[in-house]
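Peer 1: A structural model of the following input is requested.
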Amino acid sequence: MDALIKSDKELVESYLLGNHSSFEQLVNRHQSRVFSYILMLVKDRQLADDIFQDTFIKIIRTIKNGAYNEEGKFIQWAMRIAHNLIIDHFRKSKRIPYSDKSSDDLALTNNLNYADDSIEFQIVKDQIHNDLRKLVEHLPDEQREVLYLRMYEEISFKEIADMTNVSINTALGRMRYALINMRKMVKEKNVSITY
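Peer 2: Okay, the predicted model is just below:
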């Protein structure tokens, strides 16, 4: 029970002292967010698995080498490592990520909590979330990334700017254009986004 309430910092310190289960707790705590982020960008489950594993291998090496600078932001640091590994992968393969429209693997709505509603209400709610997820897929990669990080991962614009190596104004601009494009698509496709 005590291990469940340890902070990320405490888990890293415990891991450095030889408690490997502490690192396992860190992975369990953050794997869903990190993996969802990777999958959103690469659109391939196998590749996402590989980059996810590489991310945590790099995290282990960095921690063991004493190069981890604890600022109370383990998840942002892990996401930045994942982001950089994704960029490295696409640079090496010299290709740009594309959107696989048939993929249902990307569940942007995973973090949304559904209330205990009637079956009809739940069906309507699910359809709205599915429609919005499909619209998000049509956004340019940079806009989709900022929207995902801000809305679903609740990362600040400063942290998004740091993670993606752009200025805060660029991150804000990408979010602004993502929302403008989403509004246009909602209007063009006549999608109802109210319950």
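Peer 1: rest of the way, CA atoms for contacts and neighbours
Peer 2: Fine.
Peer 1: which helix or which strand is home to the residue sitting nearest the centre point of the chain?
Peer 2: Using Cα atoms, centre = their mean, the residue of the chain that lies closest to the mean C-alpha position is Y37, 2.7 Å off. Secondary-structure element containing Y37, defined by DSSP states H and E: helix 20-42.
Peer 1: need the pLDDT of the residue nearest to the centre of the chain.
Peer 2: Among the per-residue scores, Y37 holds a pLDDT of 87.
Peer 1: can you give me the domain boundaries for this structure?
Peer 2: Taking automatic domain parsing as the criterion, the chain consists of the domains 1-98, 107-195.
Peer 1: which SSE is immediately downstream of the worst-scoring helix or strand of the chain on mean pLDDT?
Peer 2: With mean pLDDT, DSSP states H and E as the measure, the helix or strand of the chain carrying the lowest mean pLDDT is helix 119-137 (a mean of 68). The element immediately downstream of helix 119-137 (helix or strand, assigned by DSSP H and E) is helix 141-147.
Peer 1: by contact count, what packs against that following helix?
Peer 2: Packing contacts for helix 141-147, counted by 3 or more Cα pairs under 8 Å, 6 or more residues apart in numbering; DSSP states H and E, involve helix 20-42, helix 168-189.
Peer 1: which of those helices sits closest to M151?
Peer 2: Go through the helices and strands packed on helix 141-147 one by one with Cα to Cα and the one that ends up closest to M151 is helix 168-189, at 9.8 Å.
Peer 1: circling back to that earlier point, make JSON lines out of the helices and strands packed on helix 141-147 and add distance to A67.
Peer 2: Converted to JSON lines, the helices and strands packed on helix 141-147 look like this (distance: least, Cα to Cα, whole Å):
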{"stretch": "helix 20-42", "distance to A67": "16"}
{"stretch": "helix 168-189", "distance to A67": "26"}
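Peer 1: highest average neighbour count across those helices?
Peer 2: Of all the helices and strands packed on helix 141-147, helix 20-42 carries the top mean neighbour count, a mean of 18, counting by mean count of other Cα atoms under 10 Å.
Peer 1: export that one as CSV, just CAs?
Peer 2: Backbone C-alpha positions of helix 20-42 (Å, rounded to 0.1, in the frame of the first residue of the first chain) are rendered in CSV as follows:
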residue,chain,number,x,y,z
HIS,A,20,13.8,-2.9,-9.3
SER,A,21,10.1,-3.1,-8.4
SER,A,22,10.2,0.7,-8.0
PHE,A,23,11.0,1.1,-11.6
GLU,A,24,8.3,-1.4,-12.5
GLN,A,25,5.9,0.8,-10.6
LEU,A,26,7.0,3.9,-12.6
VAL,A,27,6.5,2.0,-15.8
ASN,A,28,3.0,0.9,-14.7
ARG,A,29,2.1,4.4,-13.6
HIS,A,30,3.1,6.1,-16.9
GLN,A,31,3.0,3.4,-19.6
SER,A,32,-0.5,4.2,-20.9
ARG,A,33,0.2,7.9,-21.4
VAL,A,34,3.6,7.3,-23.0
PHE,A,35,2.4,4.5,-25.3
SER,A,36,-0.7,6.4,-26.4
TYR,A,37,1.4,9.4,-27.3
ILE,A,38,3.9,7.3,-29.3
LEU,A,39,1.1,5.5,-31.1
MET,A,40,-0.7,8.7,-31.9
LEU,A,41,2.4,9.9,-33.8
VAL,A,42,3.7,6.7,-35.5
